[in-house]
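Trainee: mind looking at a prediction? Sequence and model below.
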Amino acid sequence: MEQNGDDLKESLPVKSLVVVFSYHQRNTEKIANACAKVLGAEVKTPQQVKPEEIAEYDLVGFCSGIYSATFDASVPDLANRLPDASGKKAFLFSTYGAPGALQAGILLRITTRRSGKSCRRKGTRLLVNSGVRGGTRTVS
């Protein structure tokens with residue numbers, strides 16, 4: 001069944017937030033901003049979000065570049081400090097520049113498994129867990 005843009009917007013949660021840490025090439029930030037545009041969401045860094053603030057949102061995206069084989073520590077730290085988030089929805093997104101076998105998804109599975117556990121421990125329903133290779137070139 002196809003959905004047009006209006007149908008999709010009606011099915012999206014009312015209030016959304018995208019939390020992003022993006023440092024190196026800023027690829028993650030660019031993708032987070034594109035997601036936020038579709039969702040009509042605010043975009044903040046982990047440092048700008050107070051854990052109790054999450055209760056105001058229906059959907060929260062946690063996005064980070066991959067640094068030393070994991071999300072930047074500020075993202076899972078925020079997720080671990082959240083109060084009970086039962087009934088909330090979340091998604092994880094990352095960009096990475098890993099070579100060889102890691103591109104095949106090994107790194108992504110390990111990293112997102114760790115980050116997803118932080119969300120699920122708080123009662124959050126994880127909708128999407130995704131990543132894309134950003135590499136050394138920037139995303140336009």
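Mentor: Everything's here; your move. Numbers count the residues shown, from 1 in each chain.
Trainee: ok, Cys35 - contacts?
Mentor: Val18, Ala41, Gly61, Cys63, Phe93 (Cβ atoms under 8 Å, 6 or more residues apart in numbering). For the C-beta atoms, the positions are set from N, CA and C on the backbone; glycine is no exception.
Trainee: can you tell me the closest non-neighbouring residue to the second one?
Mentor: Going back to what we said before, that points to Ala41. Distance criterion Cβ to Cβ, 6 or more residues apart in numbering; nearest residue to Ala41, sequence neighbours excluded, is Ser16 at 3.6 Å.
Trainee: verify the stated contact: that neighbour with Leu39.
Mentor: Yes - taking contacts as Cβ atoms under 8 Å, Ser16 lies within contact range of Leu39: 4.3 Å.
Trainee: please report phi then psi for the residue nearest to Ala41.
Mentor: phi -130, psi 150 (degrees, to the nearest 10).
Trainee: now do the one 5 residues further on
Mentor: Backbone torsions for Phe21, taken as degrees, to the nearest 10, come to phi -120, psi 120.
Trainee: could you do Thr95 as well?
Mentor: Per degrees, to the nearest 10, the backbone of Thr95 is at phi -120, psi 150.
Trainee: residues near it, how many?
Mentor: Thr95 has 24 neighbouring residues, counting by other Cβ atoms under 10 Å.
Trainee: who does it bridge with?
Mentor: Gly65, Val132 (DSSP bridges).
Trainee: need the pLDDT of it.
Mentor: Model confidence at Thr95, given as pLDDT, is 82.
Trainee: touching, it and Ile66? I think so.
Mentor: Yes - with contact defined as Cβ under 8 Å, Thr95 reaches Ile66; the gap is 7.0 Å.
Trainee: packing partners for the helix or strand where Val43 lies?
Mentor: Per DSSP states H and E, Val43 falls inside strand 42-44. Counting contacts by 3 or more Cβ pairs under 8 Å, 6 or more residues apart in numbering; DSSP states H and E, strand 42-44 packs against strand 16-21, helix 27-39.
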